[in-house]
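A.B. asks: Provided below are the primary sequence and the corresponding predicted coordinates.
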Amino acid sequence: MKEAALARQLVSARLEELAALKEKLEQISTGLEMIMKAQLEVQALIEEREEHGYELFKTVKDENVTLSRMETLSFGMLLGLLVNKLSNDK
């Protein structure tokens with residue numbers, strides 16, 4: 001009789017452990033989904049900014065700025081060149 005009660009307790013404890021593990025797995029899955037969503041948002045933002053960067057590069061390159069000089073220009077300097085070009089185009 002004691003063996004049967006012990007067996008039931010062991011099985012019950014194991015089922016509780018498995019339920020707890022299942023809950024933790026669901027929490028991990030939820031966390032991973034949130035991370036994946038954030039990753040996709042950041043990736044889209046990077047791609048958008050990269051696209052704008054290439055547009056800026058094209059515009060500044062049209063100003064006859066050499067590539068070696070452009071690589072050393074700061075973003076502020078590039079922005080200034082772009083503003084000047086856009087002002088002159090009006």
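C.D. replies: Perfect, thanks for sending it. Numbers count the residues shown, from 1 in each chain.

A.B. asks: show me where pLDDT drops low in this protein?
C.D. replies: For the chain, the stretches flagged by pLDDT under 70 are 1, 60-73, 89-90.

A.B. asks: who are the packing partners of the longest helix anywhere in the chain?
C.D. replies: Within the chain, and with DSSP state H defining each element, the longest helix by residue count is helix 2-61. In terms of contacts (3 or more CB pairs under 8 Å, 6 or more residues apart in numbering; DSSP states H and E), helix 2-61 is packed against helix 67-72, helix 75-89. For the C-beta atoms, the positions are set from N, CA and C on the backbone; glycine is no exception.

A.B. asks: and that helix with helix 75-89, angle?
C.D. replies: Compare the direction of helix 2-61 with that of helix 75-89 by axes from the mean of the first three to the mean of the last three CA atoms, to 10 degrees and you get 50 degrees.

A.B. asks: separation between the most centrally placed residue in the chain and residue 57?
C.D. replies: Here the mean C-alpha position of the chain is nearest to the C-alpha of residue 39 (CA atoms, centre = their mean), at a distance of 2.8 Å. Per CB to CB, to the nearest Å, residue 39 is found 26 Å from residue 57.

A.B. asks: re earlier: separation between the residue nearest to the centre of the chain and residue 18?
C.D. replies: Spatial separation of residue 39 from residue 18 under the definition CB to CB is 31 Å.

A.B. asks: distance from the longest helix of the chain to the middle of the chain?
C.D. replies: Computed by CA atoms, centre = their mean, to the nearest Å, the chain-centroid distance of helix 2-61 equals 13 Å.

A.B. asks: and if you look at stretch 75-87?
C.D. replies: Between the mean C-alpha location of stretch 75-87 and the chain-wide mean there is a distance of 29 Å, by CA atoms, centre = their mean.

A.B. asks: let's see that stretch as CSV, backbone CA atoms only.
C.D. replies: Listed next in CSV are the C-alpha coordinates belonging to stretch 75-87 (Å, rounded to 0.1, in the frame of the first residue of the first chain):
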residue,chain,number,x,y,z
PHE,A,75,27.8,63.5,-41.8
GLY,A,76,27.4,67.1,-40.9
MET,A,77,29.7,68.1,-43.8
LEU,A,78,27.8,65.9,-46.2
LEU,A,79,24.5,67.3,-45.0
GLY,A,80,25.9,70.8,-45.5
LEU,A,81,26.8,69.9,-49.1
LEU,A,82,23.4,68.5,-49.7
VAL,A,83,21.7,71.6,-48.3
ASN,A,84,23.8,73.8,-50.5
LYS,A,85,23.0,71.7,-53.6
LEU,A,86,19.3,71.7,-52.9
SER,A,87,19.4,75.5,-52.3
